[in-house]
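Colleague: starting from these lines, generate the structure:
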Amino acid sequence: MGLAITESRPTLTDTDLMCIYRERSTGLKGCIVYVSPRNSSHGPRVKVLEATKSRGMEYDASVTIEEVPRWVEGRVSNALAEQVERWVKANRELLLQFWNSEIDDDCVELAEKFVKV
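Modeller: Numbering: from 1, shown residues only. As a prediction, this is how the structure comes out:
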């Protein structure tokens with residue numbers, strides 16, 4: 001089977017896209033944040049991967065993009081949870097627009113609009 005070459009660039013579907021952000025984009029210390037458009041049966045949320053000195057980057061959790069963010073999966077430290085909740089509240093409208101595919105921003109353009117905490 002050969003490789004087909006076309007004139008158009010490949011496009012990502014909503015289920016393919018997940019943006020990954022570090023502290024320089026979010027202002028959140030000690031974690032990586034994953035943001036994606038709607039792509040499953042659960043409601044709007046972001047994933048957080050916490051870094052610890054003893055474990056490295058190994059544990060993730062999910063928080064809803066609601067007026068009052070709610071942790072629905074996994075666990076992070078209390079200090080990180082408070083930071084992430086502030087970040088979600090500060091960026092809620094933008095995150096929801098991205099989740100609902102109401103804006104066409106790519107990952108870089110989205111990051112440029114974030115309010116850092």
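
Colleague: test my guess that residue 77 contacts residue 48.
Modeller: No. Between residue 77 and residue 48 there is no contact under C-beta atoms under 8 Å: 10.6 Å. For glycine as for every other residue, the C-beta is placed from the backbone atoms N, C-alpha and C.

Colleague: for the residue positioned nearest the centre of the chain, which non-adjacent residue is spatially closest?
Modeller: Among the residues of the chain, the one closest to the centroid is residue 35, at 2.0 Å (C-alpha atoms, centre = their mean). Closest residue to residue 35 apart from its sequence neighbours, by C-beta to C-beta, 6 or more residues apart in numbering: residue 19 at 4.7 Å.

Colleague: now for the chain, the helix or strand with the poorest mean pLDDT.
Modeller: strand 56-64 (a mean of 78; mean pLDDT, DSSP states H and E).

Colleague: next SSE after that one?
Modeller: Sequence-wise, the next helix or strand downstream of strand 56-64 (DSSP states H and E) is strand 71-74.

Colleague: that following strand: how far from the chain's middle?
Modeller: Its chain's C-alpha centre and that of strand 71-74 lie 14 Å apart, by C-alpha atoms, centre = their mean, to the nearest Å.

Colleague: and if you look at stretch 28-46?
Modeller: 4 Å.

Colleague: what is the mean pLDDT for that stretch?
Modeller: When pLDDT is averaged over stretch 28-46, the result is 89.

Colleague: now that stretch: buried residues?
Modeller: 28, 30, 31, 32, 33, 35, 36, 37, 44, 45, 46 (16 or more other C-beta atoms under 10 Å).

Colleague: before we move on, the earlier item: hang on, the residue nearest to residue 35 packs against residue 26?
Modeller: No. Under the criterion of C-beta under 8 Å, residue 19 makes no contact with residue 26, lying 10.8 Å away.

Colleague: so between those two, which is more surrounded?
Modeller: Shown here are residue 19 and residue 26; by other C-beta atoms under 10 Å, residue 26 has more neighbours (24 against 19).
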